[in-house]
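*Asks:* Turn this into a structure:
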Amino acid sequence: MCSKNITLLGDAAHPMVPFLGQGGCMAIEDAYTFAILSGELDCDFNKVQPLYEKIRLHRNNRIQSASMLQGKLNHIKNPIAAFTRNLLMSHTPLLAMRTNKIWNYNVDEEISKALS
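*Replies:* Coordinates of the predicted model:
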C-alpha cells in the first residue's frame, strides 16, 4: 500500500469485487485513516505510512476475501446447493451475522490503538 513517498488507497491499493458492496466504503475508510494519521503525526510520512498499512491492510484483505466468497455463494450452479443456500439465507440470520461484523467496525478505535 505504501512505498517511499507514494501511498495507495481504495481500488488502487485493493480492488474489490462487488459482492458485498464495500469497495467505496474501504476507500473512504482508507482516506479517513490516512488523513487522521497525517494530522496526528504532523505529516511525517515515515511514521504515517507504516501505521496506515498496519491499520488498513488486514481489514481490506478480510473484506476482499469475504466479498470473493460471497461472489462464489451468489453464483452457485448446482441446483441443490443453490436451493440449500436460499433456504438457509431465508430462515437464518447468516447474512446479517456476516455484514454486522463489517458494519460494526470502528476505524477511530483502530486508529487510537495504533497511535497509543
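*Asks:* how far away is residue 71 from residue 65?
*Replies:* Between residue 71 and residue 65 the distance is 11 Å, computed by Cβ to Cβ, to the nearest Å. Bear in mind the C-beta positions are built from the backbone N, C-alpha and C, glycine included.
*Asks:* so the residue nearest the centre of the chain, which of the three states?
*Replies:* The centroid of the chain falls nearest to residue 60 when counting by Cα atoms, centre = their mean (3.5 Å). Following DSSP: H, G, I helix; E, B strand; the rest coil, we place residue 60 in the helix state.
*Asks:* mind checking how far residue 77 is from residue 86?
*Replies:* Residue 77 is 14 Å from residue 86, by Cβ to Cβ.
*Asks:* Residue 61 now?
*Replies:* Residue 61 is 29 Å from residue 86, by Cβ to Cβ.
*Asks:* do the same with residue 50
*Replies:* 45 Å.
*Asks:* now swap in residue 69 and tell me
*Replies:* Distance from residue 69 to residue 86, by Cβ to Cβ: 17 Å.
*Asks:* and what of residue 29?
*Replies:* Counting by Cβ to Cβ, the gap from residue 29 to residue 86 is 31 Å.
*Asks:* Settle it for me: which of the two has more neighbours?
*Replies:* Using other Cβ atoms under 10 Å, the more surrounded residue of residue 29 and residue 86 is residue 29, with 21 against 11.
*Asks:* residue contacts, that one?
*Replies:* 56, 59, 107 (Cβ atoms under 8 Å, 6 or more residues apart in numbering).
*Asks:* Tell me, how many residues neighbour the first one?
*Replies:* Applying other Cβ under 10 Å, we find 23 residues neighbouring residue 56.
*Asks:* Was I right to think it contacts residue 33?
*Replies:* Yes. Counting by Cβ atoms under 8 Å, residue 56 touches residue 33, with 5.9 Å between them.
*Asks:* Give me the average confidence score over stretch 56-65.
*Replies:* Averaged over stretch 56-65, pLDDT sits at 95.
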